[in-house]
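Colleague: Coordinates only, no sequence provided:
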């Protein structure tokens, strides 16, 4: 992996080619990346919650988290951890997407009550 300070300097400068090279390197050497699959899933969950990611993106990311060894409860807890950082509104918007991605029919449960 590239030198940390060089990476930050070049990303600050908006060096797209450098970012592409980093992404390609990370993909080619995924087993050697500083973040493991579970850590990568956590970062992606945070980004999806912060940006109101699509249902498909949530399904793919939650599937990766579960494949990395997470439980559905840990995915839910990640939302709780993110709430103070990104706000309650974004977490509440993410909740039905997480429910869908983890196989919970939240709409059906709401209608039953």
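Modeller: Looks like it came in fine. Because the structure is a prediction, the values reported are computed rather than measured.
Colleague: list the buried ones in the strand or helix carrying residue 48?
Modeller: Per DSSP states H and E, residue 48 falls inside helix 37-51. Buried residues in helix 37-51, counted by 16 or more other C-beta atoms under 10 Å: 37, 40, 41, 42, 44, 45, 46, 48, 49. All C-beta spots, glycine's among them, are computed from the backbone N, C-alpha and C.
Colleague: want to throw the residues you listed into JSON lines with distance to residue 90?
Modeller: Output for these, formatted as JSON lines (distance: C-beta to C-beta, whole Å):
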{"residue": "37", "distance to residue 90": "24"}
{"residue": "40", "distance to residue 90": "20"}
{"residue": "41", "distance to residue 90": "18"}
{"residue": "42", "distance to residue 90": "16"}
{"residue": "44", "distance to residue 90": "15"}
{"residue": "45", "distance to residue 90": "12"}
{"residue": "46", "distance to residue 90": "10"}
{"residue": "48", "distance to residue 90": "10"}
{"residue": "49", "distance to residue 90": "6"}
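Colleague: Name all residues that make contact with residue 9.
Modeller: Residues near residue 9 by C-beta atoms under 8 Å, 6 or more residues apart in numbering: none.
Colleague: Spatially nearest residue to the residue positioned nearest the centre of the chain, not counting backbone neighbours?
Modeller: For the chain, the residue nearest the mean C-alpha position is residue 44 (1.6 Å; C-alpha atoms, centre = their mean). Spatial nearest neighbour of residue 44, excluding adjacent residues (C-beta to C-beta, 6 or more residues apart in numbering): residue 61 at 4.6 Å.
Colleague: quick one: contacts of whatever helix or strand that neighbour lives in?
Modeller: For residue 61, the enclosing helix or strand under DSSP H and E is helix 55-67. Defining contact as C-beta under 8 Å, 6+ apart, one finds that helix 55-67 is touched by 37-38, 40-42, 44-45, 48, 53, 72, 74-75, 94, 97-98, 100-102.
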